[in-house]
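**Q** With the input below, show me the fold.
(one chain, ligands or ions: 2)
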Amino acid sequence: MPLVYGALLGDHAEGRVSRVTLYDTDADRLTAVARVLGEQARGVADAPAVVATGDLDEALRGADFVFSAIRVGGLEGRAADERVALGLGVLGQETVGAGGIAYGLRTVPVAVALARRIARLAPDAWVINFTNPAGLVTEAMSRHLGDRVIGICDSPVGLGRRIARVLGADPARARIDYVGLNHLGWVRALRVDGRDELPRLLADPALLGSFEEGRLFGADWLRSLGAIPNEYLHYYYFNREAVRAYQNAERTRGAFLRDQQEGFYARMRDPAAPALATWDRTRAEREATYMAESRDAAGAGEREESDLESGGYEQVALALMRAVARDERTSLILNVRNRGTLSVLDAEAVVEVPCLVDANGAHPVAVDPLPYHAVGLVTAVKAVERAALEAAESGSRSAAVRAFALHPLVDSVTVARDLVEGYLEVHPGLAYLDRP
Ligand code: G6P
Ligand code: MN
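**A** Ligands and ions are numbered 1, 2, ... in the order given. Got it, this is the predicted structure:
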């Protein structure tokens with residue numbers, strides 16, 4: 001939220017956002033974040049007004065844009081997602097594999113209730129979904145909000161920016177051919193003035209070794225694949241190593257973030273604590289340790305300075321809002337309904353693809369067909385998401401088992417059954433799965 005508010009503070013153009021309403025289920029968190037925003041606004045004459053409320057309806061009424069970033073079950077829930085999966089020898093990552101399914105099953109019913117509420121109280125609002133697993137959650141909400149919900153992830157922008165940088169291209173002028181699902185996509189070309197520069201990168205081991213994904217996947221694998229995958233594909237292509245690294249880690253990512261965020265909110269209970277500085281330090285630590293297990297497993301080393309800066313989520317969100325509100329046409333990689341863009345998926349499937357955005361919303365642009373290796377993963381994972389959505393809608397436990405069992409990173413139906421049992425034990429939020 002402070003990142004988004006920071007982007008709003010930097011926008012002085014006509015039609016800018018003038019009022020921000022914060023809503024949270026937790027009063028301490030609401031107060032803490034409002035204080036951070038208050039310090040950010042100091043000395044900015046035209047800073048958007050900030051109102052904090054614990055009343056969802058009040059927050060929604062009259063809103064032009066609704067940002068949704070929720071964490072059902074909290075970070076304790078995320079740590080439990082990891083623990084149960086790792087105990088059964090499979091990946092428990094927040095968005096990928098068993099952990100992502102468990103998190104999705106907990107989150108979808110809450111996201112759907114929210115979507116229904118928005119459809120009633122703010123039917124003309126545009127909804128920007130940040131909540132993970134972002135593709136699945138956006139699709140669940142789109143069943144109630146249609147194309148008025150748009151999912152944002154910063155990983156495609158970050159990847160495109162890194163590739164442009166190593167190629168010496170201006171990221172603003174480069175056209176990035178990125179397609180797939182959220183956290184499951186590939187850059188297949190980067191065109192500057194119509195010319196694809198990616199082959200030059202793939203042919204140069206030194207260039208490939210000079211950025212995050214190049215080090216994560218290794219030059220040989222990238223050249224063989226002929227594309228640069230989203231960093232989350234490390235969990236697929238190097239699954240054994242990733243699971244082992246997670247198992248050997250002192251604390252999983254979820255457990256680390258749980259402790260870190262607890263510490264932040266505890267410090268913020270002191271009214272004298274410097275809110276913005278404390279938040280900034282916490283954010284910097286979170287960024288520096290992002291995907292540390294994967295980088296360790298790959299021997300990729302530390303993250304680069306330029307990757308630690310903000311400029312991902314909030315710039316995409318601001319560009320999206322301006323495009324919609326002011327008809328300032330722009331091109332962004334977003335999570336939207338497929339509408340025929342990827343021929344292997346139906347029209348309602350939410351995909352992550354380049355979109356043209358204007359006052360009428362986000363329109364996916366035509367892309368080349370996916371190669372078979374990508375068709376395999378994308379359709380398999382979409383089948384998983386559909387089973388999860390069915391389970392969330394009907395409360396069917398067998399649909400939940402199917403969601404786990406169909407995932408490429410869950411290697412046995414028996415494991416899938418054990419996962420469902422294990423997750424039901426630790427997550428009260430899954431108690432709705434009470435039908436056969
Ligand atoms: C990236 C991913 C997001 C994720 C964020 C924070 O931006 O695209 O989906 O929420 O990192 O990851 P973390 O592990 O710090 O929660
Ligand atoms: Mn993401």
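**Q** got the contact list for Val36?
**A** The neighbourhood of Val36, defined by C-beta atoms under 8 Å, 6 or more residues apart in numbering, consists of 1-2, 275-276, 279. Heads up, the C-betas are built off the backbone N, CA and C, glycines and all.
**Q** do you know how far it is from Pro274?
**A** 10 Å (C-beta to C-beta, to the nearest Å).
**Q** returning to what we had before: in strands, which of the contacts of Val36 fall?
**A** Per DSSP state E, strands hold no members of the contacts of Val36.
**Q** Show me the residues you listed that map onto helices.
**A** 2, 275-276, 279 (DSSP state H).
**Q** Select from those the one having the most neighbours.
**A** Trp279 (23 neighbours; other C-beta atoms under 10 Å).
**Q** before we move on, what SS does the spatially closest residue to that one that is not a sequence neighbour have?
**A** Counting by C-beta to C-beta, 6 or more residues apart in numbering, the nearest residue to Trp279 once its immediate chain neighbours are dropped is Val36, at 4.6 Å. Per DSSP: H, G, I helix; E, B strand; the rest coil, the local secondary structure of Val36 is helix.
**Q** any idea how far Val36 is from Arg283?
**A** Summarising the geometry, the distance separating Val36 from Arg283, computed by C-beta to C-beta, is 10 Å.
**Q** Now do the shared contacts for those two.
**A** Residues touching both Val36 and Arg283 (C-beta under 8 Å, 6+ apart) are Pro2.
**Q** Could you look up the SS state of the one residue sitting closest to the centre of the chain?
**A** A centroid search over the chain (C-alpha atoms, centre = their mean) returns Cys153, at 4.2 Å, as the residue closest to the centre. For Cys153, the secondary structure call by three-state DSSP comes out as coil.
**Q** tell me which element the closest residue to Ala273 other than its chain neighbours is part of?
**A** Leaving out its chain neighbours, the residue that sits closest to Ala273 by C-beta to C-beta, 6+ apart is Arg267, at 5.1 Å. Secondary structure assigned from DSSP states H and E places Arg267 in helix 253-268.
**Q** How far off centre is stretch 89-101?
**A** For stretch 89-101, the distance from its own C-alpha centre to the chain's C-alpha centre is 14 Å (C-alpha atoms, centre = their mean, to the nearest Å).
**Q** Which single residue in the stretch 101-250 of the chain comes nearest to ligand 1?
**A** Ser155 (4.0 Å; C-beta to the nearest ligand atom).
**Q** Tell me where the model's unsure across the stretch 301-436 of the chain.
**A** In the predicted model, the stretch 301-436 of the chain carries pLDDT under 70 at residues 310-311.
**Q** doesn't Val336 fall inside a strand?
**A** Yes - Val336: assigned to a strand according to three-state DSSP.
**Q** what are the phi and psi angles of Ala272?
**A** In terms of degrees, to the nearest 10, the main-chain angles of Ala272 are phi -90, psi -10.
**Q** Next one, pLDDT for it please.
**A** Predicted confidence (pLDDT) for Ala272: 96.
**Q** tally of neighbours for it?
**A** Other residues lying near Ala272 total 4 when counted by other C-beta under 10 Å.
**Q** and stretch 269-288, is it in reach of ligand 1?
**A** Yes - Stretch 269-288 lies within reach of ligand 1 by C-beta under 6 Å from any ligand atom, at Arg286.
**Q** can you pull the buried residues of that stretch?
**A** Across stretch 269-288, burial judged by 16 or more other C-beta atoms under 10 Å covers 275-276, 278-280, 282, 286.
**Q** sorry, back to before: give me the distance between the residue nearest to Trp279 and Leu3.
**A** Here Val36 is placed at a distance of 10 Å from Leu3 (C-beta to C-beta).
**Q** now do Ala362
**A** 21 Å.
**Q** Between the two, point out the one with more neighbours.
**A** Higher neighbour count among Ala362 and Leu3: Ala362, with 24 against 17, using other C-beta under 10 Å.
**Q** tell me which parts of this protein are close to ligand 1?
**A** For the chain, the residues in contact with ligand 1 (C-beta under 6 Å from any ligand atom) are 132, 153-155, 253, 257, 286, 290.
**Q** of those residues, buried ones?
**A** Among the residues of the chain next to ligand 1, those buried by neighbour count (16+ other C-beta under 10 Å) are 132, 153-155, 253, 257, 286.
**Q** Report the spatially closest residue to Gly62, excluding sequence-adjacent ones.
**A** Leaving aside its sequence neighbours, Gly62 sits nearest to Ala122 (C-beta to C-beta, 6+ apart; 7.1 Å).
**Q** Actually, Glu328.
**A** Leaving aside its chain neighbours, Glu328 sits nearest to Arg322 (4.9 Å; criterion: C-beta to C-beta, 6+ apart).
**Q** My guess is the one you found contacts Arg329. True?
**A** No - using C-beta atoms under 8 Å, Arg322 and Arg329 do not qualify as a contacting pair, with a distance of 10.1 Å.
**Q** This completes my enquiry, with thanks.
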